[in-house]
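Student: Sequence and computational prediction follow.
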Amino acid sequence: MFASAVRTVHRHLDVDGVDVFYRESLPERADAPVLLLLHGFPSGSHQFRGLIDALGSHYRLIAPDYPGSGHTRVPDGFTYSFDRLADITEGFVQRLGLDRFVMYVFDFGAPVGFRIAERHPERIAGLVVQNGNAYAEGLSDTARGLLGLTSETPGAQDAVRAVLTLDATRSQYETGVPAPDLVAPDGWTLDQHFLDLPGRKEAQQALIFDYHSNVERYDAWQEWLRRHTPPTLITWGSNDPFFTEPGARAYLRDLPDAELHLFDTGHFALETHLPEIAPLIADFLDRAWK
């Protein structure tokens, strides 16, 4: 006897001239808790396919692609910055009529998500933080070196281009993973397919050069956490070469009631530990939604 299959739709939505692609599960209950899934670099909504399959029958999971990622298409002249990613994601949320949701923030999803949280704290029913950094101590030396680059830094363009290759993309998935054969090749090959599309490397370069704007907002985001104290689940790959374990533990300073789970894996923790993480998220959604 097979369990009921998850029904997932794949749609496009116009948000201020940006053709936003997104995946959405259709749960059995119309009033199911909503989880907004915000993806990371250099990935897209496809990184959540396994989680959607695991939880989509009981929860409404929604995963958009940012401008410059996945299947989302932008008009000529679009300016890539984290403020603009947040603008489009905020518009996407409004177009879908989402007035309350739990937000999953991973990697780039943290600066996008925390901007939305600052603008609309009333909509945030809770946070799932998976290797989504908001503390200076969570930045490794590698991350500081890359994310501290600006367009004026000598050799910066070459340094960024070096992390947009297939070898570098694969390394992001496998570094810190004790058993790399648990990581399917589909993720990094699909990521690289999108990175190799016209204009995508320039988009990602612009976002990396803008990353300093996120670090500059860390204090404000920490103050937001202290003021609003959202229910929070932290699931973190403790061997992440970019966003280190101290960054996970730092959340507990501002959210002492947060639930922290560390996993012996790298940056893309869902690739290796979905069976452990999915039940934690399901239990958290049930509690946070109430």
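Tutor: Sure thing, it's come through.
Student: Residue 44 - how many residues pack around it?
Tutor: 24 (other C-beta atoms under 10 Å). In this view, the C-beta of every residue, glycine as well, is placed from N, C-alpha and C.
Student: So what's the residue count around the closest residue to it other than its chain neighbours?
Tutor: Nearest residue to residue 44, sequence neighbours excluded (C-beta to C-beta, 6 or more residues apart in numbering): residue 70, at 2.9 Å. When neighbours are counted by other C-beta under 10 Å, residue 70 registers 25.
Student: State the distance from residue 70 to residue 63.
Tutor: Between residue 70 and residue 63 the computed distance is 9 Å (C-beta to C-beta, to the nearest Å).
Student: list residues touching both of these two?
Tutor: Residues touching both residue 70 and residue 63 (C-beta atoms under 8 Å, 6 or more residues apart in numbering): 39, 45.
Student: how about the helices in this structure?
Tutor: For the chain, the helices defined by DSSP state H cover 49-55, 82-96, 109-119, 141-147, 156-162, 166-174, 186-195, 200-209, 212-215, 218-228, 245-254, 269-289.
Student: Indicate which one of these is closest to residue 125.
Tutor: helix 269-289 (5.4 Å; C-beta to C-beta).
Student: pLDDT below threshold where in this protein?
Tutor: 1-4 (pLDDT under 70).
Student: repeat that for 90
Tutor: 1-5, 290 (pLDDT under 90).
Student: Pick the most deeply packed of the helices of the chain.
Tutor: Most buried of these, by mean neighbour count (mean count of other C-beta atoms under 10 Å): helix 109-119, with a mean of 23.
Student: Residue 85 versus residue 111, what's the distance?
Tutor: 8 Å.
Student: before we move on, back to that, shouldn't the residue nearest to residue 44 be in contact with residue 49?
Tutor: No. Taking C-beta atoms under 8 Å as the definition, residue 70 is not a contact partner of residue 49, at 11.8 Å.
Student: before we move on, the earlier item: out of the helices of the chain, nearest to residue 23?
Tutor: Per C-beta to C-beta, nearest to residue 23 of these: helix 49-55, 6.3 Å.
Student: Ok, which of the helices of the chain comes nearest residue 20?
Tutor: Of these, nearest to residue 20 by C-beta to C-beta is helix 82-96, at 5.3 Å.
Student: Output that closest one in PDB with nothing but the alpha carbons.
Tutor: C-alpha atoms of helix 82-96 as PDB (Å, rounded to 0.1, in the frame of the first residue of the first chain):
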ATOM      1  CA  PHE A  82      19.600  41.800  -1.700                       C
ATOM      2  CA  ASP A  83      17.200  44.700  -1.200                       C
ATOM      3  CA  ARG A  84      15.800  44.000  -4.600                       C
ATOM      4  CA  LEU A  85      15.600  40.200  -4.000                       C
ATOM      5  CA  ALA A  86      13.600  41.000  -0.800                       C
ATOM      6  CA  ASP A  87      11.400  43.500  -2.700                       C
ATOM      7  CA  ILE A  88      10.400  40.800  -5.200                       C
ATOM      8  CA  THR A  89      10.000  38.100  -2.600                       C
ATOM      9  CA  GLU A  90       7.800  40.500  -0.500                       C
ATOM     10  CA  GLY A  91       5.800  41.200  -3.600                       C
ATOM     11  CA  PHE A  92       5.500  37.500  -4.300                       C
ATOM     12  CA  VAL A  93       4.200  36.900  -0.800                       C
ATOM     13  CA  GLN A  94       1.600  39.700  -1.200                       C
ATOM     14  CA  ARG A  95       0.500  38.400  -4.600                       C
ATOM     15  CA  LEU A  96      -0.200  35.000  -3.100                       C
END
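Student: i'd like the first residue to be 49 from this point on
Tutor: With 49 as the first residue, the last one maps to helix 130-144.
Student: Could you list the residues in contact with that helix?
Tutor: Here helix 130-144 makes contact (C-beta under 8 Å, 6+ apart) with 61, 63-64, 66, 68, 70, 84, 86, 110, 112, 114-115, 126, 149, 156, 159-160, 163-164, 167-168, 171, 255, 258-259, 261-262.
Student: just stretch 155-168 next, same as before
Tutor: Looking at what lies outside stretch 155-168 - C-beta under 8 Å, 6+ apart - the contacts are 84-89, 91, 114, 130-131, 133-134, 137-138, 141, 151, 153, 171-172, 175, 177, 179-182, 255, 259, 261-262, 265, 268-269, 272, 276, 278, 290-291, 315.
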